[in-house]
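Chemist: kindly return the folded structure for what I paste below:
(2 chains)
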There are 2 protein chains.
Amino acid sequence: MRIHDIGGELGLIERIRETHGAAIGDGLVLGLGDDAAIIEVPKGNQLVVTTDMLVERIHFRKDWSDYYSIGWKAAAVNLSDLAAMGAKPTFAFLSIAFTSREKVENLDRIYDGFADCLNRYGARIAGGDTNCAPDNLVLSVTQLGNVVNGRALRRTGAKQGDLILVTGTLGESAAGLALLTDLGAARAEKVDKGLLNTHRRPQPRVMAAVAAAATGKVHAAMDLSDGLLGDVKKLCAASKCGAKIDATAIPTSDTLRQVADLLGKDILSFALDGGEDFELLLVVAPEDLEAVSSAITDTGTPVTVVGEIVKSGVKVVGVDGVELNSESAGWDHFGL
Amino acid sequence: MRIHDIGGELGLIERIRETHGAAIGDGLVLGLGDDAAIIEVPKGNQLVVTTDMLVERIHFRKDWSDYYSIGWKAAAVNLSDLAAMGAKPTFAFLSIAFTSREKVENLDRIYDGFADCLNRYGARIAGGDTNCAPDNLVLSVTQLGNVVNGRALRRTGAKQGDLILVTGTLGESAAGLALLTDLGAARAEKVDKGLLNTHRRPQPRVMAAVAAAATGKVHAAMDLSDGLLGDVKKLCAASKCGAKIDATAIPTSDTLRQVADLLGKDILSFALDGGEDFELLLVVAPEDLEAVSSAITDTGTPVTVVGEIVKSGVKVVGVDGVELNSESAGWDHFGL
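Modeler: Next up is the predicted model:
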């Protein structure tokens, strides 16, 4: 079925509104169907806003993913940015551009994946835009959220002596991508479909982030989207400090080890430089470790200390505190 | 200069932040440079949110416009949607995708045009996203604004007997586009550069809309983006009513008449079906006409009564109230 068959853009918007448009209430005063949405931010809260665009052939490939997962990931990457601020996600706006050849069923699957991911974390679709595109599919998302006044987690605020924490395990999304790159989708799916799903349908750490922010004890935070090493560097630049990462402490899964072995690649490379982990990177004072850790683990989210904040410079150390570098570790993109 | 030469995406973001990023204060708690922006909505206000995407070769062509105007228009179409709600614009988020061949200077001009248009209406850049694209330039904007609780203008609320008002003059943007289509950019510029600018750099009716909303007397409103006739139909569908438009009352300029004559086209076609006027369409009770009109004209904006709300059906009448249709009027797309 083509867009033309359902009455063009107006038909598509009506279709989206009926199936996935947020109902009025719980902060939404006016949703899809007028010139703009009207939203109420609860008293004592600040509004948090993030926006992220996904472009076909740059951020995703149709032969490496599926329409549902493309929609899911568009929501997840934005929810992860909100999680990085400790904000509770509320309303999302999805603008999409597609060719006139695109089937309505495919667009339905994108909206299904997008809405399912949002709904899982308590967020809903309040608006957007639909457009023709000459060729590549483009998704652009703006995600709103609320945070209690002054409780947002920022990249600034890390202090010398603080501990560096990460949630979950690292490197699996990058390993999933490597499987697709090296083996192609058909063979990759036979090796480890779960790992591919980590790459295709990431789970943003919304609940853990909200719980961590509620402690009021997190000094700095961001989400891991460009790899632990690169992201620690960004956080340190914002906080004007350095960091020492303990490579032996980085949490990785058995699955990652198996796939790294299969592909003949370094597990540390995936964990440090991989990207798209969408885990949380948190910085807390040693005396607050227990309080923040238990708030996070209470949401069913594992959390691990992987290093500490130092005065300046960002380095990675291995067994016995020996500094690792690109040669010793075999990293592909050290110093990115 | 290429993106590569200024340190890639990070360099570009730093460049945008330094030149155009909103300073902290006046509602902005945290701007460009973290995972998300933090914004305060003033007490007694609701948040209004709109989003619009512009795709090269669909919404604009580089040979028919210029980078500055492309940026300007991306801001203007979003500000116009906010104006349609009677909201005061605050913060904008611009996501952009461009090929690696794009010059930094061109991107600078896009941001200049975008920021100049925002600033003109009191809005500022609080965030966004920069991306590679395989081919076409894509701009996706989310514009936030504030409106006093319950004072937003909606499409619903028009009542039988109400008057239909429009601001400014209609059809010029469409005539500008027709000049470009029929004559090409070089010849079109020689005919009437002012008309091309109406098309390339529309002026959203922000101040007039805020003033109209403040009267509390507007029954329904939207902005004119798809042509008067099509947009009246949309407003009537939302308000569950009909409309009678008086073709002889539609405000048009001498410039439009001259260009219509030159191109051998019907002036009424431009005014009724043209699109991209970005004027306001307002519905008020006859007894409130004076109050709403003077609020609007006090902002230096002309306003004209062009028809009335009836029970059902949307029709256009000419001299002596004779109903016009596509044959009599010579419209190209009647009944669109």
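
Chemist: on the three-state scheme, A:I58 is what?
Modeler: Secondary structure, DSSP: H, G, I helix; E, B strand; the rest coil: A:I58 is coil.

Chemist: number of residues surrounding it?
Modeler: Other residues within reach of A:I58 by the criterion other Cβ atoms under 10 Å in any protein chain shown amount to 15. C-beta coordinates here come from the backbone N, C-alpha and C atoms, glycine included.

Chemist: isn't it up against B:D129?
Modeler: No - look at A:I58 against B:D129 with Cβ atoms under 8 Å: they stay out of range, at 12.0 Å.

Chemist: which residue ranges of the stretch 101-250 of chain A form strands?
Modeler: In the stretch 101-250 of chain A, the strands defined using DSSP state E, counting those that start in this stretch lie at A:124-132, A:138-148, A:163-167, A:218-223, A:242-246.

Chemist: most tightly packed of those strands?
Modeler: When the strands of the stretch 101-250 of chain A are scored by mean count of other Cβ atoms under 10 Å in any protein chain shown, the highest mean neighbour count falls to strand A:138-148 (a mean of 27).

Chemist: quick check: buried residues in the helix ranked longest in chain A?
Modeler: Using DSSP state H to define each element, chain A has its longest helix at helix A:172-191. For helix A:172-191, burial by neighbour count (16 or more other Cβ atoms under 10 Å in any protein chain shown) applies to A:172-180, A:188, A:191.

Chemist: now it - C-alpha only, CSV.
Modeler: In CSV, the C-alpha atoms belonging to helix A:172-191 read as follows (Å, rounded to 0.1, in the frame of the first residue of the first chain):
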residue,chain,number,x,y,z
GLU,A,172,28.1,-5.3,22.7
SER,A,173,26.4,-2.9,20.3
ALA,A,174,29.8,-2.3,18.6
ALA,A,175,30.3,-6.1,18.3
GLY,A,176,26.8,-6.4,16.8
LEU,A,177,27.7,-3.8,14.2
ALA,A,178,31.1,-5.6,13.6
LEU,A,179,29.2,-8.8,13.0
LEU,A,180,27.0,-7.1,10.4
THR,A,181,30.0,-5.4,8.8
ASP,A,182,32.2,-8.4,8.6
LEU,A,183,29.7,-11.2,7.9
GLY,A,184,26.6,-9.5,6.5
ALA,A,185,23.1,-9.7,8.0
ALA,A,186,22.3,-13.2,7.1
ARG,A,187,25.4,-14.9,8.6
ALA,A,188,25.5,-12.4,11.5
GLU,A,189,22.0,-13.4,12.6
LYS,A,190,23.1,-17.0,12.8
VAL,A,191,26.0,-16.2,15.0
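
Chemist: which helices and strands does it pack with?
Modeler: If you count contacts as 3 or more Cβ pairs under 8 Å, 6 or more residues apart in numbering or on different chains; DSSP states H and E, helix A:172-191 packs onto helix A:193-200, helix A:254-263, helix A:267-273.

Chemist: chain B: which of these is closest?
Modeler: helix A:267-273 (15.9 Å; Cβ to the nearest Cβ).

Chemist: following element in sequence after that closest one, please.
Modeler: Scanning forward in sequence from helix A:267-273 by DSSP states H and E, the next helix or strand is strand A:280-284.

Chemist: relative orientation of that following strand and strand A:242-246 in degrees?
Modeler: With axes from the mean of the first three to the mean of the last three Cα atoms, to 10 degrees as the basis, strand A:280-284 and strand A:242-246 are set at 110 degrees to each other.

Chemist: understood, closing this out.
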